[in-house]
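[1] Dropping a prediction and its sequence here:
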Amino acid sequence: MGIQLDMKDGFIELTIRPERKETLIAILLVVPIVGILVMCGKLIEQALTDTLHPFFIVAFLLFLWLAYKNLFGFYWATLGYETVEIHEKYIKLSKHVGKLKESKEYIMANITELKVYDYRNDPGASGTAMFGFSNVNVQFKYGKRTEIIGKQITQEEAERIILVLRNYIPN
(Lines give C-alpha, C1' and ligand atoms only; values in the text may rest on other atoms or scores of the structure.)
Protein backbone atom coordinates (compact mmCIF):
# COMPACT_ATOMS: atom_id res chain seq x y z
CA MET A 1 0.00 0.00 0.00
CA GLY A 2 1.27 3.45 -0.75
CA ILE A 3 0.00 6.96 -0.27
CA GLN A 4 1.62 9.67 -2.34
CA LEU A 5 1.02 13.41 -1.98
CA ASP A 6 1.81 15.64 -4.99
CA MET A 7 1.50 19.40 -5.40
CA LYS A 8 0.06 19.92 -8.88
CA ASP A 9 -0.68 23.17 -10.70
CA GLY A 10 -3.66 24.61 -8.80
CA PHE A 11 -4.48 21.56 -6.66
CA ILE A 12 -3.08 18.85 -4.42
CA GLU A 13 -3.30 15.20 -5.50
CA LEU A 14 -3.35 12.33 -3.02
CA THR A 15 -2.83 8.91 -4.67
CA ILE A 16 -3.77 5.71 -2.80
CA ARG A 17 -2.34 2.51 -4.30
CA PRO A 18 -3.26 -0.91 -2.85
CA GLU A 19 -1.10 -3.96 -2.30
CA ARG A 20 -1.40 -6.55 -5.06
CA LYS A 21 -2.82 -10.05 -4.55
CA GLU A 22 -2.24 -11.59 -7.95
CA THR A 23 -2.79 -15.35 -8.04
CA LEU A 24 -6.50 -15.83 -7.38
CA ILE A 25 -7.34 -12.40 -8.73
CA ALA A 26 -5.67 -13.07 -12.08
CA ILE A 27 -7.80 -16.19 -12.48
CA LEU A 28 -10.98 -14.31 -11.58
CA LEU A 29 -10.17 -11.48 -13.99
CA VAL A 30 -9.74 -13.86 -16.91
CA VAL A 31 -13.31 -15.20 -16.73
CA PRO A 32 -15.14 -12.02 -17.87
CA ILE A 33 -12.49 -11.35 -20.51
CA VAL A 34 -12.92 -14.86 -21.93
CA GLY A 35 -16.70 -14.31 -21.94
CA ILE A 36 -16.30 -11.10 -23.93
CA LEU A 37 -13.92 -12.79 -26.39
CA VAL A 38 -16.33 -15.71 -26.91
CA MET A 39 -19.20 -13.30 -27.57
CA CYS A 40 -17.02 -11.28 -29.98
CA GLY A 41 -16.15 -14.49 -31.82
CA LYS A 42 -19.83 -15.44 -32.10
CA LEU A 43 -20.68 -11.95 -33.33
CA ILE A 44 -17.99 -12.11 -36.04
CA GLU A 45 -19.03 -15.66 -37.02
CA GLN A 46 -22.67 -14.65 -37.37
CA ALA A 47 -21.75 -11.51 -39.31
CA LEU A 48 -19.63 -13.51 -41.77
CA THR A 49 -22.26 -16.21 -42.34
CA ASP A 50 -25.18 -13.75 -42.65
CA THR A 51 -26.98 -15.29 -39.66
CA LEU A 52 -26.58 -12.26 -37.41
CA HIS A 53 -29.55 -12.22 -35.07
CA PRO A 54 -30.67 -8.81 -33.72
CA PHE A 55 -31.29 -10.32 -30.28
CA PHE A 56 -27.65 -11.39 -30.08
CA ILE A 57 -26.49 -7.83 -30.81
CA VAL A 58 -28.72 -6.48 -28.02
CA ALA A 59 -27.55 -9.21 -25.63
CA PHE A 60 -23.91 -8.51 -26.52
CA LEU A 61 -24.25 -4.76 -25.93
CA LEU A 62 -26.10 -5.38 -22.66
CA PHE A 63 -23.36 -7.78 -21.56
CA LEU A 64 -20.65 -5.20 -22.34
CA TRP A 65 -22.51 -2.51 -20.39
CA LEU A 66 -23.01 -4.82 -17.40
CA ALA A 67 -19.40 -5.98 -17.56
CA TYR A 68 -18.21 -2.39 -17.37
CA LYS A 69 -20.65 -1.17 -14.72
CA ASN A 70 -20.68 -4.17 -12.42
CA LEU A 71 -17.11 -5.37 -12.78
CA PHE A 72 -15.48 -1.94 -12.55
CA GLY A 73 -15.70 -2.09 -8.74
CA PHE A 74 -14.16 -5.57 -8.71
CA TYR A 75 -11.38 -4.63 -11.11
CA TRP A 76 -10.74 -1.44 -9.11
CA ALA A 77 -10.48 -3.40 -5.87
CA THR A 78 -7.97 -5.80 -7.35
CA LEU A 79 -5.99 -3.79 -9.91
CA GLY A 80 -6.96 -0.16 -9.48
CA TYR A 81 -6.09 2.79 -7.30
CA GLU A 82 -7.71 5.99 -6.01
CA THR A 83 -6.81 9.64 -6.36
CA VAL A 84 -8.13 12.52 -4.28
CA GLU A 85 -7.67 15.93 -5.89
CA ILE A 86 -8.02 18.78 -3.40
CA HIS A 87 -8.98 21.98 -5.21
CA GLU A 88 -9.82 25.35 -3.67
CA LYS A 89 -13.61 24.83 -3.52
CA TYR A 90 -14.10 21.10 -4.10
CA ILE A 91 -12.45 17.71 -3.89
CA LYS A 92 -12.54 15.17 -6.69
CA LEU A 93 -12.39 11.44 -5.91
CA SER A 94 -11.37 9.18 -8.79
CA LYS A 95 -11.11 5.42 -9.08
CA HIS A 96 -8.70 4.22 -11.76
CA VAL A 97 -8.40 0.85 -13.48
CA GLY A 98 -5.82 1.12 -16.24
CA LYS A 99 -7.09 3.84 -18.58
CA LEU A 100 -10.66 3.68 -17.24
CA LYS A 101 -11.66 6.20 -14.59
CA GLU A 102 -14.79 7.03 -12.60
CA SER A 103 -14.83 10.37 -10.79
CA LYS A 104 -17.08 12.31 -8.45
CA GLU A 105 -16.72 15.90 -7.27
CA TYR A 106 -17.76 17.15 -3.83
CA ILE A 107 -18.12 20.82 -2.84
CA MET A 108 -16.06 21.37 0.31
CA ALA A 109 -18.71 23.50 2.02
CA ASN A 110 -21.11 20.51 1.99
CA ILE A 111 -18.64 17.99 3.47
CA THR A 112 -19.18 17.21 7.16
CA GLU A 113 -18.26 14.50 9.70
CA LEU A 114 -14.86 13.61 8.27
CA LYS A 115 -13.63 10.57 10.24
CA VAL A 116 -11.75 7.29 10.23
CA TYR A 117 -14.29 4.48 10.41
CA ASP A 118 -13.46 0.96 11.60
CA TYR A 119 -16.26 -1.45 10.70
CA ARG A 120 -14.76 -4.72 11.93
CA ASN A 121 -17.71 -5.32 14.25
CA ASP A 122 -20.39 -4.33 11.73
CA PRO A 123 -22.60 -7.12 10.32
CA GLY A 124 -21.31 -8.35 6.98
CA ALA A 125 -17.79 -6.99 7.47
CA SER A 126 -16.18 -10.38 7.99
CA GLY A 127 -14.29 -11.79 5.05
CA THR A 128 -13.90 -8.53 3.14
CA ALA A 129 -10.11 -8.65 3.45
CA MET A 130 -9.90 -11.62 1.08
CA PHE A 131 -11.47 -9.43 -1.64
CA GLY A 132 -8.79 -6.76 -1.21
CA PHE A 133 -10.72 -4.52 1.18
CA SER A 134 -9.60 -3.53 4.65
CA ASN A 135 -11.77 -2.99 7.70
CA VAL A 136 -10.87 0.70 7.91
CA ASN A 137 -11.71 3.62 5.64
CA VAL A 138 -12.14 7.38 5.66
CA GLN A 139 -15.76 8.51 5.62
CA PHE A 140 -17.50 11.83 5.30
CA LYS A 141 -21.08 13.01 5.04
CA TYR A 142 -22.07 14.77 1.83
CA GLY A 143 -25.63 15.86 2.30
CA LYS A 144 -27.49 12.74 3.43
CA ARG A 145 -25.01 10.32 1.83
CA THR A 146 -21.94 8.77 3.42
CA GLU A 147 -18.99 8.71 1.03
CA ILE A 148 -15.87 6.55 1.42
CA ILE A 149 -12.20 7.13 0.60
CA GLY A 150 -9.68 4.32 0.75
CA LYS A 151 -11.38 0.96 0.76
CA GLN A 152 -7.95 -0.67 0.91
CA ILE A 153 -6.04 1.25 3.57
CA THR A 154 -4.66 0.65 7.05
CA GLN A 155 -5.52 2.58 10.22
CA GLU A 156 -2.31 4.64 9.99
CA GLU A 157 -2.92 5.52 6.34
CA ALA A 158 -6.50 6.54 7.12
CA GLU A 159 -5.24 8.88 9.84
CA ARG A 160 -2.72 10.41 7.41
CA ILE A 161 -5.48 11.01 4.85
CA ILE A 162 -7.64 12.64 7.54
CA LEU A 163 -4.78 14.99 8.49
CA VAL A 164 -4.31 16.08 4.88
CA LEU A 165 -8.04 16.59 4.26
CA ARG A 166 -8.62 18.50 7.52
CA ASN A 167 -6.03 21.06 6.44
CA TYR A 168 -8.18 21.97 3.44
CA ILE A 169 -11.80 21.20 4.36
CA PRO A 170 -13.23 24.00 6.52
CA ASN A 171 -15.78 21.88 8.47
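    Received it, and whenever you're ready, just let me know what you need.
[2] contacts, neighbours, all on C-alpha from now
    OK.
[3] quick one: Gln4 and Thr15 touch, right?
    Yes - taking contacts as Cα atoms under 8 Å, Gln4 lies within contact range of Thr15: 5.1 Å.
[4] the more surrounded of these two?
    Set Gln4 next to Thr15 and count neighbours by other Cα atoms under 10 Å: Thr15 wins out with 19 against 10.
[5] pLDDT averaged over the strand or helix carrying the more buried one - what is it?
    Using DSSP states H and E, Thr15 sits in strand 12-17. Taken as a whole, strand 12-17 has a mean pLDDT of 83.
[6] same question, stretch 149-157
    Mean predicted confidence for stretch 149-157 is 81.
[7] what's the answer for stretch 68-87, then?
    Here stretch 68-87 scores 77 as its mean pLDDT.
[8] Could you check how far Asn110 is from Gly143?
    6 Å (Cα to Cα, to the nearest Å).
[9] These two: who's more crowded?
    Asn110 (14 against 10).
[10] Name all residues that make contact with that one.
    Neighbour list for Asn110: Tyr142, Gly143 [criterion: Cα atoms under 8 Å, 6 or more residues apart in numbering].
[11] Give me the pLDDT value at it.
    Listed pLDDT for Asn110 reads 88.
[12] Any idea how many residues pack against the nearest residue to Leu52 once chain neighbours are set aside?
    Of all residues not flanking Leu52 in the chain, Gln46 sits nearest, at 4.6 Å (Cα to Cα, 6 or more residues apart in numbering). When neighbours are defined as other Cα under 10 Å, Gln46 has 14 of them.
[13] In three-state terms, label Gln46 for me.
    helix (DSSP: H, G, I helix; E, B strand; the rest coil).
[14] okay, now the domains of the protein?
    Domain segmentation of the chain under automatic domain parsing yields 2-18+80-168, 22-77.
[15] and these, which is most packed in?
    domain 2-18+80-168 (a mean of 16; mean count of other Cα atoms under 10 Å).
[16] Tell me where this protein has helices.
    For the chain, the helices defined by DSSP state H cover 22-48, 54-79, 155-168.
[17] Reformat those helices into TSV and put distance to Glu105 next to each item.
    Shown next, in TSV, are the helices of the chain (distance: least, Cα to Cα, whole Å):
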stretch	distance to Glu105
helix 22-48	29
helix 54-79	18
helix 155-168	14
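[18] And these: which comes nearest Glu88?
    When those are compared by Cα to Cα, helix 155-168 sits nearest Glu88, at 8.0 Å.
[19] Okay then, goodbye and thanks.
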